[in-house]
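Visitor: Pasting a predicted model and its sequence here:
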Amino acid sequence: MTDLNLSLWGAGLALILVVVIYNFWQEYKAKKKVQRAFGDHKDDVLMKSDSEAVAGNALAERQEPRFDDTVPLADTQAQPESRSKAPGRTETRPVVPVDEFIDCIISMDFENPVRGDKILAEIQSVRIAGNKPIHFVGVGSGEQAQRETITHSSSYSQLIAGVQLVNRSGPLNELEYSELVMKLRGVADNLNAFLDVPDMKHVMDSGRDLSLFVSEHDAQLSVNVQTKGAPWDISTLLAAMEKLGFDNRPDGRLVMLDGEGGALFTLAVNGSLADQVTSRITLLLDVPCVSPVRGGFAAMVSCAKSLALRLGGTLVDDGGAAIDDVTLAQIQEQVELFYSAMQAAEIPAGSTRAVRIFS
């Protein structure tokens, strides 16, 4: 091997060594930056307890990021005509798992009162039709009997099943409805009961009406924090997020709680388990599932701004464009219209109905 060959080999190895050292140094700096960013700061809304953070965020200035481009918010007042209600009204029915507003109701009348333990044994396997949940309530045998959750020791003169008419996957379809009716006929036969089955066409029409509302109000609000320099170390970032109050769920989601155990918004690091670094984190608010009184918009933006400040990042939309205050103000107006439309339709954002149908 000539001296020239040896020189070229030496130069190549030196160059590779320099690149390796440089990459290691960049990752080390990114990791230390995250550690420093979350090491000593205490006077921050995210460092408070859940209840303090929610209360503080609810009073913060309302500045909302853009909606995802795949979920248009034009014509947020549109609603299924058959389900439009007077503005300002809210759910007043007893808290039972069957809701005639969003469920198809099928009743089952007994010749003689039947004990709850016998009913529960029959319906324990009847919990879903396709991907639509099924709920049951019983009606007691007294003159003033009301719908109530079925218990083992009580007796009932009627069993009522409610299958959800719609969820995010779409409306109840003919196959799912037929599956439900078949299952309920078996229950009725075993309990010696008369089954009152609604007309399929009417049920399908109701499901499509409600599905239109869901499709027009299925909005998710997101804001991203983009690094201005080196990417962030994911493992260090995740540990820091947990310290700030995010709940690391088994499904991999990082969830900021609303103070009562519900999700306020979520955070994603936009990386797989195999990735070591990320250049962007995303905060996401499931708009119809969070009540406006929770201050979800303000809390999410406050969190994003705090993270951007600590990590040396900037707020951007999904396309990478910086989010300015003018855009935030415009989105805020749309958000208010969105919530007004949901309230007027008697499906207030964050209510049990909304959470069920936007599941």
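Guide: Received it, and whenever you're ready, just let me know what you need. Residues are numbered from 1 along each chain as shown.

Visitor: Now do residue 143, the pLDDT please.
Guide: With respect to pLDDT, residue 143 scores 72.

Visitor: what about the most centrally placed residue in the chain, distance to residue 271?
Guide: In the chain, the residue lying closest to the centroid (C-alpha atoms, centre = their mean) is residue 286, at 4.8 Å. Per C-beta to C-beta, to the nearest Å, residue 286 is found 21 Å from residue 271. (Glycine included, C-beta is placed from N, CA and C.)

Visitor: Quick one: the strands in the stretch 151-300 of the chain, in order.
Guide: Assigned by DSSP state E, counting those that start in this stretch, the strands in the stretch 151-300 of the chain fall at 155-164, 166-167, 170-171, 193-196, 220-227, 232-233, 246-248, 254-257, 263-268, 277-278, 280-286.

Visitor: Next SSE downstream of the lowest-mean-pLDDT helix or strand in the chain?
Guide: In the chain, no helix or strand scores lower on mean pLDDT, DSSP states H and E than helix 50-58, which sits at a mean of 39. Next helix or strand after helix 50-58 toward the C-terminus (DSSP states H and E): strand 103-115.

Visitor: any low-confidence regions in the protein?
Guide: 1-95, 273 (pLDDT under 70).

Visitor: Spell out which residues make up each domain of it.
Guide: What the record gives for the chain is the domain set 45-73+219-323, 81-215, from automatic domain parsing.

Visitor: Kindly reformat the ones you listed as JSON lines containing distance to residue 346.
Guide: Listed next are these as JSON lines, based on distance: least, C-beta to C-beta, whole Å:
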{"stretch": "domain 45-73+219-323", "distance to residue 346": "13"}
{"stretch": "domain 81-215", "distance to residue 346": "4"}
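
Visitor: OK, contacts around the residue nearest to the centre of the chain?
Guide: For residue 286, the contacting residues are 220, 263, 265-266, 358, by C-beta atoms under 8 Å, 6 or more residues apart in numbering.

Visitor: Would you mind listing which of those residues are buried?
Guide: Burial by neighbour count, judged by 16 or more other C-beta atoms under 10 Å, picks out 220, 263, 265-266, 358 from these.

Visitor: about what we covered before: residue 329: which of the domains of the chain is closest?
Guide: Closest approach to residue 329 among the domains of the chain (C-beta to C-beta): domain 45-73+219-323, 7.5 Å.

Visitor: distance between that closest one and the chain's centre?
Guide: Relative to the chain's own centre, domain 45-73+219-323 is displaced by 13 Å; criterion: C-alpha atoms, centre = their mean, to the nearest Å.

Visitor: any idea how far residue 174 is from residue 207?
Guide: From residue 207 to residue 174 the distance is 10 Å (C-beta to C-beta).

Visitor: These two: who's more crowded?
Guide: Higher neighbour count among residue 207 and residue 174: residue 207, with 23 against 11, using other C-beta atoms under 10 Å.

Visitor: ok, and the closest non-adjacent residue to the more buried one?
Guide: Once flanking residues are discounted, residue 207 sits nearest to residue 171: 3.5 Å by C-beta to C-beta, 6 or more residues apart in numbering.

Visitor: returning to that earlier point: now, of the domains of the chain, which is deepest in the fold?
Guide: Comparing the domains of the chain by mean neighbour count (mean count of other C-beta atoms under 10 Å), domain 45-73+219-323 ranks first with a mean of 18.

Visitor: I'd assumed residue 167 was in contact with residue 207.
Guide: No - between residue 207 and residue 167 there is no contact under C-beta atoms under 8 Å: 10.3 Å.

Visitor: Is the residue nearest to residue 207 in contact with residue 208, as I believe?
Guide: Yes - the pair residue 171 and residue 208 passes the contact test of C-beta under 8 Å, sitting 5.3 Å apart.

Visitor: these two touch, right, residue 227 and residue 307?
Guide: No - with contact defined as C-beta under 8 Å, residue 227 does not reach residue 307; the gap is 10.7 Å.

Visitor: what's the overlap in contacts for those two?
Guide: By C-beta under 8 Å, 6+ apart, residue 227 and residue 307 have these common neighbours: residue 313.

Visitor: circling back: could you dump the contacts of residue 286 into CSV with distance to residue 99 added?
Guide: CSV is the format used below for these (distance: C-beta to C-beta, whole Å):
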residue, distance to residue 99
220, 24
263, 21
265, 26
266, 26
358, 14
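
Visitor: now, among those, which is nearest to residue 103?
Guide: residue 358 (15.0 Å).

Visitor: could you list every residue that touches the closest one?
Guide: The contact partners of residue 358, taken as C-beta under 8 Å, 6+ apart, are 167-168, 214, 217-218, 286, 288-289.

Visitor: which of these lies closest to residue 137?
Guide: Closest approach between these and residue 137, by C-beta to C-beta: residue 167, at 19.9 Å.

Visitor: Bridged to the closest one, which residues?
Guide: Beta-bridge partners of residue 167, counted by DSSP bridges, are residue 170.

Visitor: The chain should start at 141 in everything you say after this.
Guide: Understood, numbering begins at 141; the last thing we discussed is residue 307.

Visitor: Okay, it and residue 340: tell me how far apart.
Guide: Counting by C-beta to C-beta, the gap from residue 307 to residue 340 is 19 Å.

Visitor: do residue 425 as well
Guide: For residue 425, the distance to residue 340 - C-beta to C-beta - is 37 Å.

Visitor: burial of residue 486, as a residue count?
Guide: Quick note: residue 486 (other C-beta under 10 Å) scores 21 neighbours.

Visitor: That one in helix, strand or coil?
Guide: Here residue 486 is recorded as coil under DSSP: H, G, I helix; E, B strand; the rest coil.

Visitor: Give me the phi and psi for it.
Guide: phi 60, psi 30 (degrees, to the nearest 10).
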